[in-house]
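Asks: Build me a model:
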Amino acid sequence: MAATKPAKRTKKKALPSDQELAKEAARALAGFNAGGKPVKLTLNGKLTVLVPESALKAMSKACATDADDEMTTQEAADFLNVSRPYLIRLLDEGKIPFRLVGAHRRVRKADVFTYDAEVTAKREKILEELAVEGQLMGLWK
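Replies: All right, here's what the predicted structure looks like:
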C-alpha cells in the first residue's frame, strides 16, 4: 500500500483585516479633496472629527455596499450546501478568500458565487467525460 503524501499547505488568501482597512481609509481620507461643508462626527462620545461632506457620503455608500456583499461562514455554508467546518477548511486552504472581523470570518458573496460556479463547471465536465467513456465502453445503448 502506497504512503500518502501530506497535503501541501497553501498560503491563505485572506482579505484585509478591519485595522488594515481603517488605516487605508484614513490615508484615503487624508488625501481627499474637501468638497462641501465639513461634517462633525463624534466617535464613542469622546473623539470629534471633521470630515468633508462628500467624503462622508462616499464612505457611507462604501460601507453599506460592503455589508450587503458579505456573508457569515454559516450563510456561505448553507448556500454551498456544505457543513460549516468544511467551509472553514476551504477558507483556510485559500480556495475562497475571506477577511476577519474580530475572530469571525466574513466572505464576499461574489467569491462564494464564483467558487460555486467553478465547482459546478468541474462537476459537469467530469460527468460529461464519464458519460462519453460509458458510451464508448458500450455500457449504455
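
Asks: which residues of this structure fall in strands?
Replies: In order along the chain, the chain carries the following strands (DSSP state E): 38-43, 47-52, 70-72, 99-101, 104-108.

Asks: looking at these, which is closest to Ile88?
Replies: Distance to Ile88, taken as C-beta to C-beta, is lowest for strand 104-108 among these, at 7.3 Å. Any C-beta I mention is one placed from the backbone N, CA and C, and that applies to glycine too.

Asks: And the pLDDT at Cys63?
Replies: pLDDT, Cys63: 59.

Asks: What of the one 5 residues further on?
Replies: What the model reports as pLDDT for Asp68 is 66.

Asks: quick revisit: okay, the strands of the chain in JSON lines with distance to Lys23 next?
Replies: Output for the strands of the chain, formatted as JSON lines (distance: least, C-beta to C-beta, whole Å):
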{"stretch": "strand 38-43", "distance to Lys23": "16"}
{"stretch": "strand 47-52", "distance to Lys23": "15"}
{"stretch": "strand 70-72", "distance to Lys23": "20"}
{"stretch": "strand 99-101", "distance to Lys23": "14"}
{"stretch": "strand 104-108", "distance to Lys23": "18"}
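
Asks: now those as a markdown table including mean neighbour count and distance to Tyr115?
Replies: Output for the strands of the chain, formatted as a markdown table (neighbours: other C-beta atoms under 10 Å; distance: least, C-beta to C-beta, whole Å):
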| stretch | mean neighbour count | distance to Tyr115 |
| --- | --- | --- |
| strand 38-43 | 10 | 36 |
| strand 47-52 | 12 | 37 |
| strand 70-72 | 18 | 12 |
| strand 99-101 | 15 | 16 |
| strand 104-108 | 19 | 9 |
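
Asks: which residues touch stretch 39-46?
Replies: Residues from elsewhere that reach stretch 39-46 (C-beta atoms under 8 Å, 6 or more residues apart in numbering): Thr48, Val49, Leu50, Val51, Pro52, Glu53, Leu56.
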